[in-house]
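Enquirer: with the sequence up front, the predicted model follows.
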Amino acid sequence: MGEKILVVSDSHGDRDILVRLLKKYKGKVNAMFHCGDSELEADDELFNDFHVVKGNCDYDSRFAKKIVTTVGSETVLLTHGHLYGVNSGLNSLDLLAQENEATIALYGHTHLLGAEMNNGCLFLNPGSISFPRGKYSSIGGTYALIEIGVQNNLHVQFYNRNFEAVPDLVIDYKRG
């Protein structure tokens, strides 16, 4: 079995959902990422277990604007997205991912969930866990799990706030 990554974003002060996610997934995933707009302090004890970046609604200057790290064989880029114009497309984020040789780029900001493979890099927005927008907003907030499988293929599954997999929101990306 490969590595598993939890991705959440745009919780906007809803600390309780992050506590619940941590309780459910700590020790069951290899890494947890928060794509910004937590509206919590950077030294919140929750963030001992999350990689977290600064969103446009985070005012604590101790948050990083971007993080590049590895999970297994993957190079993961984490940013909120507002500094890279994600409301208008992924071109700037794609360039940043290429500069950092990222194989997974995680971002938030738009509150719209989405996943796409481009130039060998998975771009994933888990949507907002607290204030979702778009086609899937009626299911409540969302987060995503990425499972790195055989030959570094990626399995993406989106979940609702009740930790239920959303059947229509599962994607497998084959590499090579």
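Expert: That came through, no problem. Everything quoted here is computed from the prediction, not taken from an experiment.
Enquirer: residues in contact with the top helix by length along the chain?
Expert: Longest helix in the chain, counting residues (DSSP state H): helix 15-25. Contacting residues not belonging to helix 15-25 are listed as 6, 8, 11, 32, 34, 38, 40, 44, 46, 49-50, 129-130, 141, 143, 161, 163 [C-beta atoms under 8 Å, 6 or more residues apart in numbering]. Any C-beta I mention is one placed from the backbone N, CA and C, and that applies to glycine too.
Enquirer: could you flag which of these are buried?
Expert: 6, 8, 11, 32, 34, 38, 40, 46, 49-50, 129-130, 141, 143, 161 (16 or more other C-beta atoms under 10 Å).
Enquirer: in strands, which of the residues you listed fall?
Expert: Residues of those located in strands (DSSP state E): 6, 8, 32, 34, 143.
Enquirer: list just the nearest of the residues you listed to Val150.
Expert: Using C-beta to C-beta, Leu6 is the member of these that lies nearest Val150, at 20.6 Å.
Enquirer: which residues touch that closest one?
Expert: With the criterion set at C-beta under 8 Å, 6+ apart, Leu6 makes contact with 21, 25, 29, 31-33, 143-145.
Enquirer: tell me what it is bridged to.
Expert: Listed beta-bridge partners, Leu6: Met32, Leu145 (assigned using DSSP bridges).
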